[in-house]
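S.K.: everything below, folded, please.
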Amino acid sequence: MDLQKPPAAPSPASPAGRPSGQAPEGCLVVAIRLPVRIVVLVLVVPVRMAWDALVVGGRLLRDTVLRPFGRALLWLGKALFVWPLIGMWRYVVAPLGRALAWLGHVLLVVPAVWLHRRILTPVGHGLVWLARGVGAGAGWVYARVLTPVGHAVLWLLRGIGAVAAAVGSGLYGAGAWLVRYLVVVPARWLYTWSIAPVGRALAWCARGVWRLLGLLAGGIGLALYWTARILLVLPALALWRWVLAPVGRVLAVVAREVGDALGHAWRIAGRISLAVGRFLATVLRWTFVEPVRWAYRTVLTPVGHVVRDAVLRPAAQAARSVGRVSRQALAAARETARQTRADVRRMLFGEPAPREAVARREPSAGEARTLGSSTTALTKD
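M.R.: Numbering: from 1, shown residues only. Take a look at the predicted model:
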């Protein structure tokens with residue numbers, strides 16, 4: 001047995017665009033909606049078109065003016081502030097700080113360490129030894145002199161305390177008997193036969209007066225309640241029920257319809273503005289962009305191809321040929337000068353001595369590498 005309710009099926013929409021389960025709208029709502037939407041549409045369309053124009057102009061201004069200007073300002077700020085500060089920090093402040101740190105280390109840290117190690121530490125050790133000797137003497141005085149004297153004084157005080165306790169216990173017994181029969185018994189009799197009856201009588205009178213005052217206050221409060229209810233509450237309730245609530249409902253309906261009309265008008269104005277923008281873009285395209293494109297495609301491109309094929313490419317090939325010939329001539333001149341210098345050096349100083357053969361570090365081709373042999377210069381057998 002399924003104890004949960006199945007999900008409710010979505011209610012089909014009515015022809016008016018509202019769900020069929022919604023309460024039907026009154027004639028006042030229908031009468032207000034159409035003129036309000038017409039007026040709001042007429043007022044909102046120019047605002048929306050001006051807004052879209054401002055948005056397009058703002059985007060164009062941002063992309064063409066503000067963003068390059070911001071980049072230029074950023075570069076200028078770096079050139080005027082950041083890079084000089086970095087150079088000052090790197091080449092002035094940091095070396096000066098290192099020099100000051102070294103100077104402080106030499107002038108303060110090293111003398112302080114020497115003073116602590118050579119003077120303060122020995123003096124501290126001497127003071128500690130002296131304090132230990134004084135402490136040992138004080139301990140001996142405490143153990144051998146003060147402790148026996150304290151025990152004797154304590155024994156004397158205990159004896160005096162025992163005598164005083166015996167005398168006090170006797171005095172306490174006599175005093176307690178006198179206080180009981182001279183103070184406590186008369187006070188209890190006075191409370192039982194005089195103060196308690198008088199207090200009960202006063203409490204009964206006070207309760208009666210309080211009840212009387214409560215009855216008077218209840219009657220006055222009831223009279224004031226009904227007076228305020230008749231003079232204030234009932235008129236205010238009638239004003240709210242028969243005047244303010246209906247006016248508020250009408251104003252709520254008007255405000256809701258105005259809000260809905262503003263939403264619909266803003267969307268419709270957006271579509272109208274989009275259509276106008278597309279129309280203007282199409283006009284601009286067919287009056288300016290397409291002629292420029294046609295001129296570029298049919299006039300400038302063939303002329304550019306002719307100039308490229310007839311002028312630029314031959315000029316580039318001639319320049320490359322001249323550069324190649326120049327490089328070859330310079331290479332031949334350098335080679336001739338190198339050979340001339342070598343011949344002159346040979347005539348003046350003779351042939352250079354032959355170089356000695358250097359032993360190879362790698363094994364020859366006939367030798368084979370094994371796991372027990374090494375081919376490096378440091379671990380070679």
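
S.K.: which residues of the stretch 101-250 of the chain fall in helices?
M.R.: Along the stretch 101-250 of the chain, counting by DSSP state H, counting those that start in this stretch, helices occupy 110-115, 121-141, 147-179, 185-190, 196-228, 234-239, 245-284.

S.K.: just the ones you listed: most buried one?
M.R.: helix 245-284 (a mean of 14; mean count of other C-beta atoms under 10 Å). For the C-beta atoms, the positions are set from N, CA and C on the backbone; glycine is no exception.

S.K.: quick one: distance of it to the chain centre.
M.R.: 40 Å (C-alpha atoms, centre = their mean, to the nearest Å).

S.K.: ok, then the element right after it?
M.R.: As assigned by DSSP states H and E, the chain's next helix or strand after helix 245-284 is helix 290-295.

S.K.: low-confidence stretches in the chain?
M.R.: 1-32, 352-353, 356-381 (pLDDT under 70).

S.K.: nearest to residue 38, of the helices of the stretch 101-250 of the chain?
M.R.: helix 245-284 (8.6 Å; C-beta to C-beta).

S.K.: would CSV of the helices of the stretch 101-250 of the chain with distance to residue 97 be doable?
M.R.: Shown next, in CSV, are those (distance: least, C-beta to C-beta, whole Å):
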stretch, distance to residue 97
helix 110-115, 19
helix 121-141, 32
helix 147-179, 64
helix 185-190, 90
helix 196-228, 82
helix 234-239, 80
helix 245-284, 62
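
S.K.: quick one, which of these is nearest to residue 309?
M.R.: Of all these, helix 245-284 comes closest under C-beta to C-beta, at 34.9 Å.

S.K.: helices and strands around that closest one, which ones?
M.R.: Here helix 245-284 touches helix 27-61, going by 3 or more C-beta pairs under 8 Å, 6 or more residues apart in numbering; DSSP states H and E.

S.K.: list the buried residues for the helix it packs on?
M.R.: 32-33, 36-37, 40-41, 44-45, 48-49, 52 (16 or more other C-beta atoms under 10 Å).

S.K.: if we can go back for a sec, indicate which one of the helices of the stretch 101-250 of the chain is closest to residue 350.
M.R.: The nearest among these, by C-beta to C-beta, is helix 110-115 at 63.9 Å.

S.K.: tell me how far the closest one is from the chain's mean position?
M.R.: Put simply, helix 110-115 sits 47 Å off its chain's centre (C-alpha atoms, centre = their mean).

S.K.: kindly report the same for stretch 72-91.
M.R.: On C-alpha atoms, centre = their mean, the centre of stretch 72-91 falls 28 Å from that of its chain.

S.K.: with stretch 51-63 instead?
M.R.: For stretch 51-63, the distance to the chain centre is 32 Å (C-alpha atoms, centre = their mean).

S.K.: outside of that stretch, which residues touch it?
M.R.: 270, 273-274, 277 (C-beta atoms under 8 Å, 6 or more residues apart in numbering).

S.K.: as TSV, those with distance to residue 283 would be great.
M.R.: Formatted as TSV, these follow (distance: C-beta to C-beta, whole Å):
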residue	distance to residue 283
270	20
273	15
274	15
277	11
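
S.K.: ends of stretch 177-188, what's the gap?
M.R.: 16 Å (C-alpha to C-alpha, to the nearest Å).

S.K.: now do stretch 340-357: distance to the chain's middle.
M.R.: 77 Å.

S.K.: and if you look at stretch 126-135?
M.R.: The answer for stretch 126-135 is 59 Å, by C-alpha atoms, centre = their mean.

S.K.: before we move on, what about stretch 96-109?
M.R.: Centroid separation for stretch 96-109 versus its chain: 39 Å, with C-alpha atoms, centre = their mean.

S.K.: equivalent analysis for stretch 185-195, please.
M.R.: 78 Å.

S.K.: quick one: end-to-end length of that stretch, please.
M.R.: Termini of stretch 185-195 sit 15 Å apart (C-alpha to C-alpha).

S.K.: re earlier: of all the helices of the stretch 101-250 of the chain, which lies closest to residue 80?
M.R.: Set against residue 80 and scored by C-beta to C-beta, the helices of the stretch 101-250 of the chain come closest in helix 245-284, at 41.5 Å.

S.K.: tell me which of the helices of the stretch 101-250 of the chain sits nearest to residue 355.
M.R.: helix 110-115 (56.7 Å).

S.K.: helices or strands up against the closest one?
M.R.: Under the contact definition 3+ C-beta pairs under 8 Å, 6+ apart, helix 110-115 sits against no other helix or strand.

S.K.: got the CA coordinates for it in PDB?
M.R.: What follows is helix 110-115, C-alpha atoms only, in PDB (Å, rounded to 0.1, in the frame of the first residue of the first chain):
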ATOM      1  CA  VAL A 110      81.200  41.500  17.500                       C
ATOM      2  CA  PRO A 111      82.000  43.800  20.500                       C
ATOM      3  CA  ALA A 112      78.900  42.600  22.300                       C
ATOM      4  CA  VAL A 113      79.800  39.000  21.800                       C
ATOM      5  CA  TRP A 114      83.400  39.600  23.000                       C
ATOM      6  CA  LEU A 115      82.100  41.500  26.100                       C
END
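
S.K.: show residues contacting that helix.
M.R.: Helix 110-115 is contacted by no other residue when judged by C-beta under 8 Å, 6+ apart.

S.K.: circling back: of all the helices of the stretch 101-250 of the chain, which one comes closest to residue 77?
M.R.: Once the helices of the stretch 101-250 of the chain are compared by C-beta to C-beta, helix 245-284 is nearest, at 37.4 Å.

S.K.: any idea of the angle the closest one forms with helix 27-61?
M.R.: Angular relation of helix 245-284 and helix 27-61 on a 0 to 180 degree scale: 40 degrees, by axes from the mean of the first three to the mean of the last three C-alpha atoms, to 10 degrees.

S.K.: export the buried residues of helix 27-61 to JSON lines and tack on distance to residue 70?
M.R.: Output for the buried residues of helix 27-61, formatted as JSON lines (distance: C-beta to C-beta, whole Å):
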{"residue": "32", "distance to residue 70": "50"}
{"residue": "33", "distance to residue 70": "48"}
{"residue": "36", "distance to residue 70": "45"}
{"residue": "37", "distance to residue 70": "43"}
{"residue": "40", "distance to residue 70": "39"}
{"residue": "41", "distance to residue 70": "39"}
{"residue": "44", "distance to residue 70": "34"}
{"residue": "45", "distance to residue 70": "35"}
{"residue": "48", "distance to residue 70": "30"}
{"residue": "49", "distance to residue 70": "29"}
{"residue": "52", "distance to residue 70": "25"}
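
S.K.: I appreciate the help and will end here.
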